[in-house]
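Curious how this folds, go ahead:
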Amino acid sequence: MASTPDVPLQSRVVDDKSPICIPFILSQLEAHKSSPQNTRPFIIGLNGVQGVGKTTLVRALAQTLQERQGLPTLVVSIDDFYLTHADQLALAEAHPDNALLQYRGEPGTHDIPLATSFLTAALAGEPTHVPQYDKAAFSGLGDRAPESQWPAINQPGQPRIQVLILEGWCVGFRPLPPSEVEARWRAPTARTLHSHTLENLLFVNEQLRAYDALTDRLDAFIHVDAEDTEYVYAWRLQQEAQLRRERGVGMTDDQVVKFVDAYYPAYELYSDGVRRGIFAGGRPGRQLRLIVGRDRSVQDKVVI
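Numbering: from 1, shown residues only. Modelled structure (predicted):
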């Protein structure tokens with residue numbers, strides 16, 4: 001296993017991302033509104049590696065759109081579309097030799113029909129409810145919250161949602177040709193792919209095809225990338241160390257590495273595709289990529 005980058009601890013993430021992202025989104029939104037056929041809500045996809053400061057950025061974007069632009073804005077996390085606890089157990093039992101499916105996280109552990117039906121209703125301006133997921137349920141294994149706890153949108157008397165931000169660590173990932181999965185699996189530089197069989201990686205890759213139903217609906221996309229994806233290990237170690245200091249609870253360093261290892265194969269497989277651009281069919285200029293350094297500060301930006 002490669003060494004974990006030695007990144008100094010810091011107590012908070014400084015937001016130098018929203019000043020770059022907000023003008024980009026406003027220009028994309030203006031182009032969307034200027035087209036007569038675009039009467040549906042504007043959908044922004046946001047992908048950020050774990051620990052990069054995505055939550056701070058999403059909050060700033062939503063606040064700007066909601067309060068300064070007067071646009072009813074909804075933030076939805078792909079995490080809220082995880083399978084129910086029972087369905088996740090069934091998936092794990094059906095594939096006992098596939099470590100990628102034993103817990104929530106990797107493509108294949110989300111309820112994509114639920115996500116697509118929600119997006120269909122939201123885009124049509126229909127009354128619906130936003131699914132919620134309780135990560136603390138079942139001692140941290142998680143479960144979908146009861147529908148009675150799902151927030152209502154587009155109800156009578158409520159303003160209709162005009163902007164929807166779909167955020168998450170795997171938003172925008174697209175499946176690879178099987179030959180490319182195999183090539184990456186065989187590469188001597190792979191960090192975690194060698195821990196899994198090619199068959200199991202190909203199974204997850206095939207599950208990812210269903211996620212295109214979400215990606216294809218995005219109007220604009222923000223990718224908060226890292227100069228080195230392995231920074232995610234150090235960033236998660238920082239977060240858990242801070243939790244232990246402040247609350248007396250948190251994963252140990254070994255637990256953090258195992259936790260990130262469960263997600264890292266998808267980074268190894270799909271990050272390059274996101275960097276090249278997620279929009280097919282000649283849609284240039286709708287994707288913004290921010291590249292951050294070890295301290296999470298923006299080092300460069302690219303519009304794709």
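
Can you tell me the SS state at Glu246?
Here Glu246 is helix, with the state taken from DSSP: H, G, I helix; E, B strand; the rest coil.

mind checking how far it is from Arg160?
40 Å (C-beta to C-beta, to the nearest Å). Placement of C-beta: from N, CA and C, glycine included.

repeat for Asp272
38 Å.

show me the contacts for Gln66.
72-73 (C-beta atoms under 8 Å, 6 or more residues apart in numbering).

Reduced to three states, what does it come out as?
helix.

Leaving out the residues flanking it, which one is nearest to Ala187?
Spatial nearest neighbour of Ala187, excluding adjacent residues (C-beta to C-beta, 6 or more residues apart in numbering): Leu193 at 7.6 Å.

likewise Ala262?
In space, Ala262 is closest to Gly105, 5.5 Å off (C-beta to C-beta, 6+ apart).

Tell me how many other residues crowd the one you found.
Gly105: 18 surrounding residues under other C-beta atoms under 10 Å.

how much space between it and Val130?
21 Å.

same thing with Ala121?
Ala121 is 10 Å from Val130, where distance means C-beta to C-beta.

And for Leu101?
26 Å.

before we move on, back to that, compute the number of surrounding residues for the residue nearest to Ala187.
For Leu193, the count of nearby residues is 18 (other C-beta under 10 Å).

Which pLDDT value goes with it?
The confidence metric pLDDT takes the value 97 at Leu193.

Isn't it up against Val204?
No. The criterion here is C-beta atoms under 8 Å, and Leu193 misses it with Val204 at 11.1 Å.

Spit out the residues that contact the two alike.
With C-beta under 8 Å, 6+ apart, Leu193 and Val204 have common neighbours Pro265.

Go ahead and report the secondary structure state at Ile25.
Once three-state DSSP is applied, Ile25 turns out helix.

and it, what does it touch?
Per C-beta under 8 Å, 6+ apart, neighbours of Ile25: 44, 61, 65, 220, 222.

Show me which of those is closest to Trp235.
The closest of the contacts of Ile25 to Trp235 turns out to be Ile222 (C-beta to C-beta; 18.2 Å).

Tell me the strands beside the host helix or strand of the closest one, with direction?
Under the criterion of DSSP states H and E, Ile222 resides in strand 220-226. Sheet partners assigned to strand 220-226 using DSSP bridges are listed as strand 42-48 (parallel), strand 287-292 (parallel).
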